[in-house]
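A.B. asks: Turn this into a model:
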Amino acid sequence: MHKETVITTDAPGAIGPYSQAVKLGDVLYTSGQLGLDPVNGTFPATVEGQTERSLLNVKAILEAAGTSMDQVIKTTVFLKDMNDFLKVNEIYGRFFAQPFPARSAVEVARLPKDGLVEIEVIAYIP
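C.D. replies: Model prediction:
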């Protein structure tokens, strides 16, 4: 199988030696998406705002690859503070419908650029 990178200006560009996403066959693997605004590179002030922006960035990458949020198989949510889990979960639930993707959520010591949340996904490309 041939590995392809996916790039869109509708999500923040990579800030290191990695791709926004990699497509292999009919599966897409995204890099973790912070809640950065792709236009001005700033974070919303709240964890809810950063979660929404992170998921909008994920959605933009999926669409650039020819797929969508309802094709997401697995997500990983990285939180700076697990006490924010319920707030993040409320926003997260607006982006996915049943059957929900499998998910892991972990608290981490620090995220790039001191973000509050980062989300990565694996999705099927029909």
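
A.B. asks: Do a quick rundown of the helices in this structure.
C.D. replies: For the chain, the helices defined by DSSP state H cover 47-64, 85-93.

A.B. asks: Single out the most deeply packed of the ones you listed.
C.D. replies: helix 47-64 (a mean of 22; mean count of other C-beta atoms under 10 Å). Every C-beta, even on glycine, is put in place using the N, C-alpha and C of the backbone.

A.B. asks: ok and that helix relative to helix 85-93, angle-wise?
C.D. replies: 30 degrees (axes from the mean of the first three to the mean of the last three C-alpha atoms, to 10 degrees).

A.B. asks: per-residue confidence averaged over helix 47-64?
C.D. replies: Averaging pLDDT along helix 47-64 gives 98.

A.B. asks: Can you spell out which helices and strands pack onto it?
C.D. replies: strand 27-30, strand 33-34, helix 85-93, strand 117-124 (3 or more C-beta pairs under 8 Å, 6 or more residues apart in numbering; DSSP states H and E).

A.B. asks: Could you rerun that using 10 Å?
C.D. replies: Where contact means 3 or more C-beta pairs under 10 Å, 6 or more residues apart in numbering; DSSP states H and E, helix 47-64 is packed against strand 3-6, strand 21-24, strand 27-30, strand 33-34, strand 72-79, helix 85-93, strand 117-124.

A.B. asks: which of these sits most buried?
C.D. replies: The most buried one of the helices and strands packed on helix 47-64 (mean count of other C-beta under 10 Å) is strand 33-34, showing a mean of 24.

A.B. asks: Give the pairing partners of that one; include direction for each.
C.D. replies: strand 117-124 (antiparallel) (DSSP bridges).

A.B. asks: residue contacts, residue 115?
C.D. replies: 32-36, 43, 47, 50, 53-54, 78-80 (C-beta atoms under 10 Å, 6 or more residues apart in numbering).

A.B. asks: Closest to residue 65 out of the residues you listed?
C.D. replies: residue 33 (13.4 Å; C-beta to C-beta).

A.B. asks: my read: that closest one touches residue 52, true?
C.D. replies: No - contact criterion C-beta atoms under 10 Å: residue 33 and residue 52 do not qualify, at 11.4 Å.

A.B. asks: so what's residue 117 bridging to?
C.D. replies: residue 79.
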